[in-house]
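>>> 3D model of this:
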Amino acid sequence: MKVIDSHAHVTAPQELYAYKASLLSHRGAHGPGRLKISDEMIIAALNTPTFNTVSHLEQLKEVGTDMQLVSPRPYTMMHSEKPEKLVRWYIKEVNNVIHRQCKLFPDMFRGIAGLPQNMGVSPENSIPELERCVKELGFIGCLLNPDPNEGLGPAPPGLGDEYWYPIYEKLVELDVPALVHSASCRSPREPYSLHFINEESIAIVSLISSTVFKDFPGLKIIISHGGGAIPYQIGRYRAMWSRRHDEAFEDTLRKHFYFDTCLYTQESLDLLFRWVGPDRCMFGTEKPGIGTAKDPKTGEWIDDVKKKIDAIEWLTDADRQQVYEGTATKVYKLK
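Residues are numbered from 1 along each chain as shown. The predicted structure follows:
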């Protein structure tokens, strides 16, 4: 059984982030410039200790990951920065680095595109980069940030709004999924990790309260971090939903969404599987990332999600195959 980690972010040379700092310093006055990163730098970054532990590649080997689907690190994507061209230039270079990493390690990595979304700018402006990544770079999906404002200013329309239809139309045309994943958060009242959970929860409710899936029956949407807060507050939503619909709320979730397992407790994973089913879940860890720390009680890696899933006794071998390999292979059309 292959273990495919569907939720991971790029470990890039520091020169990429120096390039970003340069763009921010001159605000585009000197043009996009040139990012100079060699293949040797990309390989070195993946073999350098990160998150105060061993390297990216060593971590994957340690936990038994066979393949990772890699996207930009969301908190670096600066979707709320102005002028918009800074975001466009930077995201293009991040995607290029991911593409080169995939070429250097073709059995280990596949690319998930970042989109140059920007506060107050139509989602339609992100379509050229999405097309480039899929058609020219061979990427198999994209991140979709429900809040390009990053917590600043008036909230953007929910993902159920027609505002997002240009992106959905292109996703269906290209036959690639979107992983709903917010970027950074600049609101002083909402920490970055909390913003993720809030935006994923809002996205689910907005989408199922709309006609999006009727208008785009081929649309494939994955909700990151186990579906935000929805599976864990599901009693409230079941009650609300039952007053207006004959179909149970959890059946609506199963019909329209896939979920990754980027959760760091066995209890949360167990609950997710029970409500939406292992066949709607795909393995994801974000490793190395925020969960790359030792559990003070067990001494084990908090983001060793496979070990936690393996400990859920009621899952069958067929269930585990779906979670570790089958769902991602189907949704992302992996070969």
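
>>> Please, where are all the strands along this structure?
4-9, 67-71, 109-111, 142-144, 178-180, 221-223, 257-260, 281-282 (DSSP state E).

>>> Direction included, what does the fifth one pair against?
I take that to be strand 178-180. In the sheet, strand 178-180 lines up against strand 142-144 (parallel), strand 221-223 (parallel) (DSSP bridges).

>>> quick check: mean pLDDT across the last one?
Rounded to a whole number, the mean pLDDT of strand 221-223 is 98.

>>> what's the distance between that strand and the middle of its chain?
9 Å (Cα atoms, centre = their mean, to the nearest Å).

>>> picking that back up, I'd like the strands paired with strand 178-180 laid out as TSV, including mean neighbour count.
For the C-beta atoms, the positions are set from N, CA and C on the backbone; glycine is no exception. Putting those into TSV (neighbours: other Cβ atoms under 10 Å) gives the following:
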stretch	mean neighbour count
strand 142-144	25
strand 221-223	25
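
>>> Please identify the deepest-packed of the strands of the chain.
strand 281-282 (a mean of 28; mean count of other Cβ atoms under 10 Å).

>>> What strands flank that strand, and is each parallel or antiparallel?
Strand 281-282 is paired, per DSSP bridges, with strand 257-260 (parallel).

>>> What mean pLDDT does the partner strand get?
Strand 257-260 comes out at a mean pLDDT of 98.

>>> now the stretch 51-200 of the chain, which segments are flagged as low pLDDT?
Across the stretch 51-200 of the chain, nothing is flagged by pLDDT under 70.

>>> For it, which segments are assigned as helices?
Taking DSSP state H, counting those that start in this stretch as the criterion, the stretch 51-200 of the chain carries its helices at 56-63, 84-104, 127-131, 165-174, 192-208.

>>> between those helices, which gets nearest to Ile302?
helix 56-63 (11.6 Å; Cβ to Cβ).

>>> send the alpha carbons of that closest one over as CSV?
C-alpha atoms of helix 56-63 as CSV (Å, rounded to 0.1, in the frame of the first residue of the first chain):
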residue,chain,number,x,y,z
HIS,A,56,12.3,17.3,5.0
LEU,A,57,13.3,14.1,3.2
GLU,A,58,14.5,12.4,6.4
GLN,A,59,11.2,13.1,8.0
LEU,A,60,9.2,11.5,5.2
LYS,A,61,11.4,8.5,5.3
GLU,A,62,11.0,8.2,9.1
VAL,A,63,7.2,8.1,8.9
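
>>> Show me what counts as buried in it.
Residues of helix 56-63 classed as buried by neighbour count (16 or more other Cβ atoms under 10 Å): 56-57, 59-60, 63.

>>> buried ones in stretch 292-311?
Neighbour counts over stretch 292-311 (16+ other Cβ under 10 Å) mark 292, 301-306, 308-309 as buried.

>>> before we move on, back to that, generate JSON lines for the helices of the stretch 51-200 of the chain, with distance to Asn145 as supplementary columns.
Putting the helices of the stretch 51-200 of the chain into JSON lines (distance: least, Cβ to Cβ, whole Å) gives the following:
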{"stretch": "helix 56-63", "distance to Asn145": "23"}
{"stretch": "helix 84-104", "distance to Asn145": "11"}
{"stretch": "helix 127-131", "distance to Asn145": "13"}
{"stretch": "helix 165-174", "distance to Asn145": "11"}
{"stretch": "helix 192-208", "distance to Asn145": "8"}
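
>>> between these, which one is nearest to Lys220?
Across those, Lys220 has its closest neighbour in helix 165-174 (7.4 Å, Cβ to Cβ).

>>> and for the closest one, what are the contacting residues?
115, 122-124, 126-127, 130-131, 134-135, 142, 144, 177-178, 212, 215-216, 218-220 (Cβ atoms under 8 Å, 6 or more residues apart in numbering).
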